[in-house]
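**Student:** Sequence and predicted structure below; questions after.
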Amino acid sequence: MPRRWFPTLRRTPPPATKSEPNYTLNWAPAGIDRARPWSVERAVQDGMERAVWIYKAVDTIANHAADRLLRVRPRSDSSDEPLPPLADHPLYQAMNIKANPLEVAWILKKRASMQLLLSKRGVFLEPTFSRGGDLLRIDLLPPGRTRPVPGTGADLVSHFETVTPTGELRTLDVERVRWIRNPHPLDPYSGITPLEAAGLSADLDFFTRHYNLSFVHNDARPGGVIGIDGDMDDTELRLLRAKFGGGPSAAGAWTVLTGGNITVTDTSTTPRDMAYETVSLNSKVELLAAFGVPESQLGNASGRTYDNAQAEKLQFWEVTMPPHLSLLAAGFQEDAGDGNEVYFDISDIDVLRNARSKRLTEAREEVAAGVRSVRSYAELAGFADEVDDTPATRALWLTSGRTAVPARAADAQALATAPPAGQPPRTAKALDTARDLPLDETAATALHTRLNDALQALAIRWTERTIARLGSPRYRKGTRHWDGRGTEDTRTGSKNLPVELVIDLATWQQEAAQALQPLVEHAAVAAAGELRAALGTSDTIPDTVWPVLAPLLGDWLANHAAVLAEEVQEADRSGKDLAGITDATRDWGRSFTAWATVTARRLATVTIEIARDQAAAASAHAGLVRRWIAHDDGRTRPDHEAADGQTQPLGQPFTVGHDLLRHPADPQGPPGQALNCRCRLAWRIQH
């Protein structure tokens, strides 16, 4: 007959002694009952099933753990940013869908989480593999009837023993058991639970509630004692007892009787006796502190502001849940495969997303300030594999003129900080140095380079961000693109992709303003100051160039966002899969980068010319005229070539073909005359 040692496991060892079958530190000062070990049976019976705060804390943590998807991803050796998870790993099926024939994965994860919080021995899981090495199922072994057997020599554990419900002893090799525990600081064969520290609080919580219940029933202690001097027959005694009957409705009540010699002794509760309320409150605080669960996370946020409740939720997800989930995930590390790591996905937790969003906002500001590269931001944001490692994405773009600082010496030529070998500079028709004001004729070209680089980086960012959102489970849920998760998965539906959420136009406009406004304002101030210096005036005017350009840029971006939305919707309606929609998005991205180059030139020319117009108007200098200068490289439009040399007073438009333009690239002019215009204006004083 197999040996039965289940009673031995349940036996409480005497103080300051060691029990051979129980390989834990079962020592305690003599006479202190709270030091006796909290076995998993006692933790459940005297803790979770008896104390409401223990139950709710354990249940809350376990529910959150069960809701998290367990994933496997390759380790990243080149970056701190994690790599995408593996969608077809065997652990995903076993730990997120069906663990074994008896339990779905959600229940298994919840039970394992509760055992980790309550079992001093820890959690014992038994995975079962096919002959080919495929993971078939995962089962939980009973922690109260399972133990590690110490090994000899270098082997910390020889094997595991467990007792089945029928009383049979099973011996399991170390390779067949996944042992998870919160490590004990002294005993490698034991874990540690919150109840080890909060056991006294759990007992006090129970006894104070029991005392209060007894008081209500008026059974443990009367509200007063009435003594009758003399004999009393049974009828009178029954009548007197009826008037002072017990029960909740009469607890602590008094009745006044007349006649005879009657003495009354007050034994009802006193303020000192009412201390159980304070004890109960302290027990609650200590128990919740031991488990690390704020009361607002248990469903009671009364007495807290919204910010305080959010702060408690953030603390819960930053302090309590990550170590708990890491312990559970670590138990499956050897099943993940070489070069992989196991983790619970908490990327959709709102308070964590808010903190990450704040960090990404700071990173975008660092990019705009020129202290972080676009590539570095992409790595931080988690889409480094979607942004090419190029000289432009590696470089720092300084805010003073958006000058590129190459990350490598070899990047200098690619970033145009060194003149390309063998390529002659573009030329413009010469100024009349005797009459024209000495203004920087390359100002618009220099600004165009900086604006183009910024817009190119934004174009890449917006394209790849849109693609990343298209692949996000948050946006695919409820659509036909929620695939690979079983035919019975209710998250697959017939909804269209939510392009209004995938394409964040407001963020585009905000990021464009953050990147371009400093460049425009700096160039406008320089151009206006240069003209005032040439005129010999010191008038200062507020910069109003960006307010003119911002609405135009916002409208241009809105039009391109609408085009992208239509292309994504059309690809979705036509039945294309996610890869086909991604290709359509990348096609849009390529056309968008071409638009960015043209737009950068237009913005640069308009910035310089508007700034000079404003400075000239503020100076009120008499005789100021402007002369149209076309580009001289054989690619100039005939209308612009014909306008070369045309002179107009300040405030009068130029005649270009059949159209009137206030200056080159005039945003109010027809696109055929304004787009990609490389002309400029020369200024002179005509007497």
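**Tutor:** Thanks, I have the structure now.
**Student:** where does Val342 land in three-state SS?
**Tutor:** strand (DSSP: H, G, I helix; E, B strand; the rest coil).
**Student:** show me the contacts for it.
**Tutor:** Leu70, Arg71, Val72, Leu91, Ala329, Ala330, Phe332, Gln333, Asp335, Ala336 (Cβ atoms under 8 Å, 6 or more residues apart in numbering). Glycine gets a C-beta too; all of them are placed from N, C-alpha and C.
**Student:** roughly how far apart are it and Thr235?
**Tutor:** 79 Å (Cβ to Cβ, to the nearest Å).
**Student:** out of the contacts of Val342, which are buried?
**Tutor:** Taking 16 or more other Cβ atoms under 10 Å as the criterion, what is buried in the contacts of Val342 is Leu70, Arg71, Val72, Leu91, Ala329, Phe332, Asp335, Ala336.
**Student:** check contacts around the second one.
**Tutor:** The contact partners of Arg71, taken as Cβ under 8 Å, 6+ apart, are Pro85, Leu86, His89, Tyr92, Val342, Tyr343, Phe344, Asp345.
**Student:** Repeat the analysis, applying 6 Å as the threshold.
**Tutor:** Pro85, Tyr343, Asp345 (Cβ atoms under 6 Å, 6 or more residues apart in numbering).
**Student:** What about the buried ones among the contacts of Val342, which are in strands?
**Tutor:** Leu70, Arg71, Val72 (DSSP state E).
**Student:** Skipping adjacent residues, who's closest to the first one in space?
**Tutor:** The shortest distance from Leu70 to any residue other than its chain neighbours is 4.0 Å, reached at Met95 (Cβ to Cβ, 6 or more residues apart in numbering).
**Student:** Restricting to C-alpha, output the one helix or strand that neighbour maps to in CSV.
**Tutor:** Assignment of secondary structure by DSSP states H and E places Met95 within helix 90-96. C-alpha atoms of helix 90-96 as CSV (Å, rounded to 0.1, in the frame of the first residue of the first chain):
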residue,chain,number,x,y,z
PRO,A,90,2.9,27.0,-27.8
LEU,A,91,2.8,28.8,-24.4
TYR,A,92,0.3,31.3,-25.9
GLN,A,93,-2.3,28.7,-26.5
ALA,A,94,-1.8,26.9,-23.2
MET,A,95,-1.7,30.1,-21.0
ASN,A,96,-4.3,32.2,-22.8
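**Student:** Below-threshold pLDDT in the stretch 301-450 of the chain: ranges please.
**Tutor:** 382-387, 397-434 (pLDDT under 70).
**Student:** What segments of it are strands?
**Tutor:** For the stretch 301-450 of the chain, applying DSSP state E, counting those that start in this stretch gives strands covering 340-345, 396-397, 404-405.
**Student:** ok, and for the first one, which residues are buried?
**Tutor:** Going back to what we said before, that points to strand 340-345. By 16+ other Cβ under 10 Å, the buried positions in strand 340-345 come out as Asn340, Glu341, Val342, Tyr343, Phe344.
**Student:** could you give the mean pLDDT of stretch 161-168?
**Tutor:** For stretch 161-168, mean pLDDT is 90.
**Student:** try stretch 39-55
**Tutor:** Across stretch 39-55, the average pLDDT comes to 90.
**Student:** Please apply the same query to stretch 239-251.
**Tutor:** 62.
**Student:** How about the residue sitting nearest the centre point of the chain: what's its closest non-neighbour residue?
**Tutor:** By Cα atoms, centre = their mean, the mean C-alpha position of the chain lies nearest to Arg353, the distance being 2.5 Å. In space, and not counting its chain neighbours, Arg353 is closest to Ser347: 7.4 Å by Cβ to Cβ, 6+ apart.
**Student:** From Arg474, how far out is the one you found?
**Tutor:** Applying Cβ to Cβ to Ser347 and Arg474 gives a distance of 9 Å.
**Student:** who's more crowded, the two?
**Tutor:** Ser347 (15 against 11; other Cβ atoms under 10 Å).
**Student:** ok, back up a step: Throw the contacts of Arg71 into a markdown table and include distance to Pro323, thanks.
**Tutor:** Converted to a markdown table, the contacts of Arg71 look like this (distance: Cβ to Cβ, whole Å):
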| residue | distance to Pro323 |
| --- | --- |
| Pro85 | 21 |
| Tyr343 | 13 |
| Asp345 | 16 |
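**Student:** out of the residues you listed, who's nearest Thr162?
**Tutor:** Tyr343 (28.4 Å; Cβ to Cβ).
**Student:** residue contacts, that closest one?
**Tutor:** Arg71, Ala329.
**Student:** And whichever helix in the chain runs longest, what does it pack against?
**Tutor:** Among the segments of the chain that qualify as a helix by DSSP state H, the longest is helix 578-619. If contacts are counted by 3 or more Cβ pairs under 6 Å, 6 or more residues apart in numbering; DSSP states H and E, helix 578-619 sits against helix 443-470, helix 505-535, helix 545-573.
**Student:** Could you single out the most deeply buried of the ones you listed?
**Tutor:** Per residue and on average, the most neighbours among the helices and strands packed on helix 578-619 fall to helix 443-470, with a mean of 22 (mean count of other Cβ atoms under 10 Å).
**Student:** now that helix against helix 578-619, angle please.
**Tutor:** With axes from the mean of the first three to the mean of the last three Cα atoms, to 10 degrees defining the directions, helix 443-470 sits at 150 degrees from helix 578-619.
**Student:** Show the secondary-structure elements that helix 443-470 is packed against.
**Tutor:** Using 3+ Cβ pairs under 6 Å, 6+ apart, helix 443-470 sits against helix 499-502, helix 505-535, helix 578-619.
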